[in-house]
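J.: The following block contains a protein sequence and its predicted model.
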Amino acid sequence: MDGVLVDSEPLHKRAKELAFGDFGIHFPASIYDSYKGRPDATMFHEVLADRSVEQIAKILHRKHQWFEKIEHELQPIPGALDFMKWASTHYRLALATSATPRNRAAALEAFGIADLFEAVVDTARFHQPKPDPEIFLVATRDLALRPSDCWIVEDSLPGVQAGKAAGSVTVAITTTFSRDALSAAGADLVVDSFQELQNALEAS
């Protein structure tokens, strides 16, 4: 969802910066970039490894509070909503996201696409974050399909790696990382837009 359907990465980064700032913590931009496509909890526990579990939980909670204050600024990725409506008439769809249940529900509701998915997997339904394939294996199991019969659309390097590890055709869209980086991560197809993806599907 984040980075594929919703242009949320800038807002998540800002919410993290604000939360860390509230506790007198500052990180360079490269730190945030290195955690694109990975759950907040993973980042917080790794970059704050010298702090207590209780304090990490407080800072993470503050991040969620900041995000909820600014999430009204969320915008869909260009072409994403039209593509989803088109895809829903041709394919069975599942959403597999590292977002929390609350953020996932809010985003889908805001853009009116919640009903397009037969299955939804968020952080409440998997334990191992990407690049582990668990999230996608749960989604394909929900659809009662083999992973090899599914296409996964991702924007992040861990996401591409997870899709390939699941055994699915993995498409990468260049909303977050460069074409070269996504190809190097193992993407079967790299596209710059949803129209390009739709064209590829119609030709397949």
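T.: Happy to help now that I have it. Numbers count the residues shown, from 1 in each chain.

J.: just for the chain, where's the confidence low?
T.: Filtered on pLDDT under 70, the chain yields no residues whatsoever.

J.: packing partners for the longest helix seen in it?
T.: For the chain, the helix that runs over the most residues, judged by DSSP state H, is helix 53-70. Judged by 3 or more Cβ pairs under 8 Å, 6 or more residues apart in numbering; DSSP states H and E, the packing partners of helix 53-70 are helix 9-22, helix 40-47. Where you see a C-beta, it was placed from the backbone N, CA and C, and this is true even at glycine.

J.: Show me what counts as buried in that helix.
T.: 56, 59-60, 62-63, 66-67 (16 or more other Cβ atoms under 10 Å).

J.: Need the helices and strands packed on helix 53-70 in CSV (columns: distance to residue 121).
T.: Shown next, in CSV, are those (distance: least, Cβ to Cβ, whole Å):
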stretch, distance to residue 121
helix 9-22, 19
helix 40-47, 16
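
J.: now these as CSV including distance to residue 182 and mean neighbour count?
T.: Below are these laid out as CSV (distance: least, Cβ to Cβ, whole Å; neighbours: other Cβ atoms under 10 Å):
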stretch, distance to residue 182, mean neighbour count
helix 9-22, 15, 18
helix 40-47, 20, 17
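
J.: Tell me which of the ones you listed sits nearest to residue 83.
T.: For the helices and strands packed on helix 53-70, proximity to residue 83 was assessed by Cβ to Cβ; helix 9-22 is nearest, at 18.8 Å.

J.: Other residues contacting the helix or strand just after that closest one?
T.: Next along the chain after helix 9-22, taking DSSP states H and E as the criterion, comes helix 29-34. Residues from elsewhere that reach helix 29-34 (Cβ atoms under 8 Å, 6 or more residues apart in numbering): 13, 16-17, 47.

J.: between the residues you listed, which is closest to residue 125?
T.: residue 16 (23.6 Å).

J.: right, and that closest one touches residue 40 too?
T.: Yes. Counting by Cβ atoms under 8 Å, residue 40 is a contact partner of residue 16 at 7.5 Å.
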